[in-house]
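# With the sequence up front, the predicted model follows.
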Amino acid sequence: MDTLYDIFSRLISNISRFLSELDFSRFFSGFDLSRFREVLLYDARSPLLFNTGLFLILFVLFMLIYKAMRGHNRLRMVFVILFSLYFYYKSSAWCCFILLGICISDYLLGRWLGNVKTNWKRRAIVFLNVSINIGMLVYFKYLNLLLEAFSNFTSRDFDVLDIVLPAGISFFTFRSISYIVDIYRRDMEPARNFIDYCFFLTFFPPLLAGPVVRAKDMLPQIYARPEATREQISRGLMLIMFGLVKKVIVADYISGNFVDRIFDNPSLYSGFENLMGCIGFTLQLYCDFSGYSDMAIGIALLLGYEFKDNFNAPFKAQNPSDFWRRWHISLSTWLRDYLYIPLGGNRKGKFRTYINNFITMVIGGLWHGASWMYIIWGAYHGLLLAIHKMFKRVWRLPEALKGNFVIRFVNMAVTFALIVAGFALFRAPSLSTIGAMATQIWNDFHIDVAPQFIKSYLLIVAAIAAGYFMHFTPKAWTTGTIRFYNAMPAIIQSIFLAALLFIVIQSRQSELVPFVYLQY
């Protein structure tokens with residue numbers, strides 16, 4: 001694997017060196033080509049992300065070449081695959097060969113599965129695919145956690161292993177598993193050829209942080225060889241702009257200037273400030289993750305591909321079950337279809353339904369990373385879902401009160417409070433941090449500091465308020481904005497896009513802030 005990485009690095013280095021030897025001085029006075037070579041190579045400190053200037057430049061060049069290849073579908077697909085692998089190389093170096101290896105493994109297993117009729121052989125192929133993917137997750141994400149737990153149990157010393165986590169590994173392994181399982185269930189046919197499947201699994205917009213796109217939804221689009229319509233381009237650009245605003249102007253700003261300070265040392269702040277930190281992180285995570293999803297869906301639209309929404313105003317949820325129908329929809333539906341239902345779903349009786357919910361959410365928490373806090377967060381949501389289902393069985397809202405504004409507002413407020421408490425578990429490094437925050441909120445709340453807090457953190461409060469305002473606005477407003485943008489002349493659209501990019505560049509933090517879900 002290291003040899004492949006060295007070859008790949010030398011290839012890029014040689015191309016860059018060739019460019020540096022060309023006499024471009026007449027055209028680019030003062031341009032540092034050695035710096036250009038460094039930019040092209042992998043640098044752990046500066047991954048290639050949607051919110052970087054380098055991605056903007058490369059993506060513009062990519063789109064120019066992509067459009068020029070119209071009518072040459074196979075060549076265009078190979079070009080997208082190569083760009084996707086380079087995009088992943090810039091984020092995870094040699095791990096791009098792991099991704100390519102999974103492409104080869106999935107394609108061969110899928111073709112084999114499609115030709116096998118014997119049930120036990122079909123199950124063995126699924127087991128092999130799941131073992132490969134889960135084995136990678138265990139090694140890269142959970143080995144240190146397991147070894148640490150074993151060392152604590154046996155009272156032995158443990159040195160943390162230096163294991164580099166491939167970016168987005170949880171996302172592409174889930175896509176891999178769903179592909180093989182869907183073939184096993186006969187919900188789809190195997191990919192027609194390797195290029196089609198490689199295009200699906202390496203496709204760069206959802207590669208690093210979702211959505212968890214399924215092969216049965218995307219492969220038919222690949223076969224259709226889509227061309228983006230004007231409406232798709234307008235919608236895609238608007239989603240990219242929405243995502244940039246959420247990520248750069250809201251999430252990054254409140255994270256570095258407020259939320260991180262609270263969670264790093266909650267005892268230094270009053271209970272009111274700790275509560276605002278929890279509310280702020282809830283918004284930060286939503287804007288960061290939904291911002292990435294918006295940009296991924298928008299970029300795919302520019303290429304003619306349609307993805308399902310990954311978020312649907314989750315803080316408007318009326319109960320915990322409703323929240324998981326709105327939050328990270330591609331993951332929650334994946335867990336439902338490939339874990340909860342195979343465990344028995346709600347077909348095995350009341351108690352088994354609660355247990356299945358709990359197990360699914362614990363595994364969903366563990367999926368986020370090798371931390372006991374993620375497991376606790378998953379267990380917390382598993383309990384919330386079980387309690388909500390039990391409550392529904394013993395008490396139903398009278399018909400006359402259904403749809404009542406007060407009832408809906410109370411349900412939403414209570415659900416939101418439960419979600420905020422859960423995300424505090426998600427963000428905190430340990431239970432001792434949660435204990436410190438709870439102590440401050442319970443014993444040292446000091447609501448009287450609110451005016452001073454607003455004065456001292458005026459821009460933070462404004463960003464939080466703006467973020468929640470954007471979230472709670474009716475969906476019709478967003479749809480109307482997209483339609484309005486689509487109706488603009490192309491020149492006005494370009495000016496609007498350039499103005500927003502200028503605002504984003506002026507608002508961004510001095511250092512690059514990676515997307516939160518890149519570590520998952």
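Cool, the structure landed. Everything numeric here is computed off the predicted structure, so don't read it as measured data.
# Point out where the protein drops to low pLDDT.
Counting by pLDDT under 70, the chain contains low-confidence ranges at 1-39, 155, 158, 399-401, 509-512, 518-520.
# From the centroid of it, which residue is nearest?
Geometric centre of the chain, nearest residue: Ala209, 3.1 Å, by C-alpha atoms, centre = their mean.
# Quick one: neighbours of the closest residue in space to Lys350 that isn't next to it in sequence, just the number.
Distances taken as C-beta to C-beta, 6 or more residues apart in numbering place Arg393 nearest to Lys350, at 7.1 Å, with adjacent residues excluded. The way it works is simple: take the backbone N, C-alpha and C, and place the C-beta from them, glycine included. For Arg393, the count of nearby residues is 9 (other C-beta atoms under 10 Å).
# before we move on, which element is Arg393 in?
Per DSSP states H and E, Arg393 falls inside helix 372-394.
# hmm, back to that, mind checking the SS state of the residue nearest to the centre of the chain?
For Ala209, the assignment made with DSSP: H, G, I helix; E, B strand; the rest coil gives coil.
# which residues touch it?
For Ala209, the contacting residues are 168, 171, 289, 292-293, 296, 515, 517-518, 520, by C-beta atoms under 8 Å, 6 or more residues apart in numbering.
# Repeat that for Trp334.
Applying C-beta under 8 Å, 6+ apart to Trp334 gives the contacts 174, 178, 212, 214.
# So what does the residue nearest to Gln221 when sequence neighbours are not counted look like in phi/psi?
Counting by C-beta to C-beta, 6+ apart, Gln221 lies nearest to Tyr305, which is 5.4 Å off, once chain neighbours are set aside. For Tyr305, the backbone dihedrals (degrees, to the nearest 10) come out as phi -110, psi 140.
# Please apply the same query to the one 4 residues further on.
Main-chain dihedrals, Asp309, degrees, to the nearest 10: phi -60, psi 140.
# ok, it - contacts?
297, 329 are the contacts of Asp309 under C-beta under 8 Å, 6+ apart.
# how much space is there between it and Arg408?
22 Å (C-beta to C-beta, to the nearest Å).
# What of Trp372?
Applying C-beta to C-beta, the value for Trp372 to Arg408 is 36 Å.
# Could you list the buried residues of stretch 500-510?
Using 16 or more other C-beta atoms under 10 Å as the burial criterion, the residues of stretch 500-510 that qualify are 500, 504, 508.
# Among those residues, name the ones in helices.
Among those, the members found in helices (DSSP state H) are 500, 504.
# what would the buried residues of stretch 500-510 look like in a markdown table with distance to Trp324?
Shown next, in a markdown table, are the buried residues of stretch 500-510 (distance: C-beta to C-beta, whole Å):
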| residue | distance to Trp324 |
| --- | --- |
| Leu500 | 32 |
| Val504 | 31 |
| Arg508 | 32 |
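# Tell me the one of the buried residues of stretch 500-510 nearest Ser332?
Nearest to Ser332 among the buried residues of stretch 500-510 is Val504, at 29.8 Å by C-beta to C-beta.
# Is Phe311 in a helix, a strand, or coil?
Assigned by three-state DSSP, the conformation of Phe311 is coil.
# shouldn't it be in contact with Ile329?
Yes: counting by C-beta atoms under 8 Å, Phe311 touches Ile329, with 6.8 Å between them.
# wait, doesn't the residue nearest to Gln221 sit right on Met218?
Yes: the criterion here is C-beta under 8 Å, and Tyr305 meets it with Met218 at 6.9 Å.
# so what sits against both of these two?
Both Tyr305 and Met218 are in contact with Phe203, where contact means C-beta under 8 Å, 6+ apart.
# still on that earlier bit, for the helix holding Arg393, output the C-alpha coordinates as PDB.
In PDB, the C-alpha atoms belonging to helix 372-394 read as follows (Å, rounded to 0.1, in the frame of the first residue of the first chain):
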ATOM      1  CA  TRP A 372     -17.800   6.100  25.100                       C
ATOM      2  CA  MET A 373     -19.600   9.400  24.800                       C
ATOM      3  CA  TYR A 374     -20.900   8.500  21.400                       C
ATOM      4  CA  ILE A 375     -22.100   5.200  22.700                       C
ATOM      5  CA  ILE A 376     -23.800   7.000  25.700                       C
ATOM      6  CA  TRP A 377     -25.400   9.500  23.200                       C
ATOM      7  CA  GLY A 378     -26.700   6.600  21.100                       C
ATOM      8  CA  ALA A 379     -28.100   4.800  24.200                       C
ATOM      9  CA  TYR A 380     -29.700   8.100  25.300                       C
ATOM     10  CA  HIS A 381     -31.600   8.300  22.000                       C
ATOM     11  CA  GLY A 382     -32.500   4.600  22.200                       C
ATOM     12  CA  LEU A 383     -34.100   5.200  25.500                       C
ATOM     13  CA  LEU A 384     -35.900   8.300  24.300                       C
ATOM     14  CA  LEU A 385     -37.400   6.300  21.300                       C
ATOM     15  CA  ALA A 386     -38.400   3.400  23.600                       C
ATOM     16  CA  ILE A 387     -40.000   5.800  26.200                       C
ATOM     17  CA  HIS A 388     -41.800   7.600  23.400                       C
ATOM     18  CA  LYS A 389     -43.200   4.400  22.000                       C
ATOM     19  CA  MET A 390     -44.300   3.200  25.400                       C
ATOM     20  CA  PHE A 391     -45.900   6.600  26.100                       C
ATOM     21  CA  LYS A 392     -47.900   6.400  22.800                       C
ATOM     22  CA  ARG A 393     -49.300   3.000  23.800                       C
ATOM     23  CA  VAL A 394     -50.700   4.100  27.100                       C
END
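# How far off centre is that helix?
From the chain centre to the centre of helix 372-394 is a distance of 23 Å (C-alpha atoms, centre = their mean, to the nearest Å).
# Likewise for stretch 190-206?
19 Å.
# Buried ones in that stretch, by neighbour count?
Across stretch 190-206, burial judged by 16+ other C-beta under 10 Å covers 190-191, 195-206.
# Can you pull the domain assignment for the protein?
39-225, 230-311+397-519 (automatic domain parsing).
# Turn the ones you listed into JSON lines, including distance to Met361.
Putting the domains of the chain into JSON lines (distance: least, C-beta to C-beta, whole Å) gives the following:
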{"stretch": "domain 39-225", "distance to Met361": "16"}
{"stretch": "domain 230-311+397-519", "distance to Met361": "10"}
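# Neighbours of Phe515, how many?
When counting by other C-beta under 10 Å, one arrives at 23 neighbours for Phe515.
# Can you report how many residues lie near the closest residue to it other than its chain neighbours?
Once flanking residues are discounted, Phe515 sits nearest to Tyr292: 4.9 Å by C-beta to C-beta, 6+ apart. When neighbours are defined as other C-beta under 10 Å, Tyr292 has 28 of them.
# next one: the one 3 residues further on
Met295 has 26 neighbouring residues, counting by other C-beta under 10 Å.
# can you check Ser176 too?
Ser176, neighbours per other C-beta under 10 Å, totals 24.
# Mind checking which of the contacts of Ala209 are in helices?
Of the contacts of Ala209, the ones assigned to helices by DSSP H are 171, 289, 292-293, 296.
# Report the separation between Leu239 and Ile104.
Leu239 is 32 Å from Ile104, by C-beta to C-beta.
# meant to ask about Ala209, not that
Going from Ala209 to Ile104 by C-beta to C-beta gives 24 Å.
# where along the stretch 201-350 of the chain do the helices fall?
215-224, 230-244, 252-254, 260-264, 271-302, 320-324, 329-335, 350-367 (DSSP state H, counting those that start in this stretch).
# Show me what the fourth one packs onto, helices and strands only.
Pointing back at helix 260-264 there. Where contact means 3 or more C-beta pairs under 8 Å, 6 or more residues apart in numbering; DSSP states H and E, helix 260-264 is packed against helix 271-302.
# Quick one: list the elements packing against the helix or strand harbouring Ser151.
According to DSSP H and E, Ser151 maps onto helix 143-154. Helices and strands touching helix 143-154, by 3+ C-beta pairs under 8 Å, 6+ apart: there are none.
# Provide a list of residues in contact with Arg235.
By C-beta under 8 Å, 6+ apart, the contact set of Arg235 is 298, 301, 482, 486.
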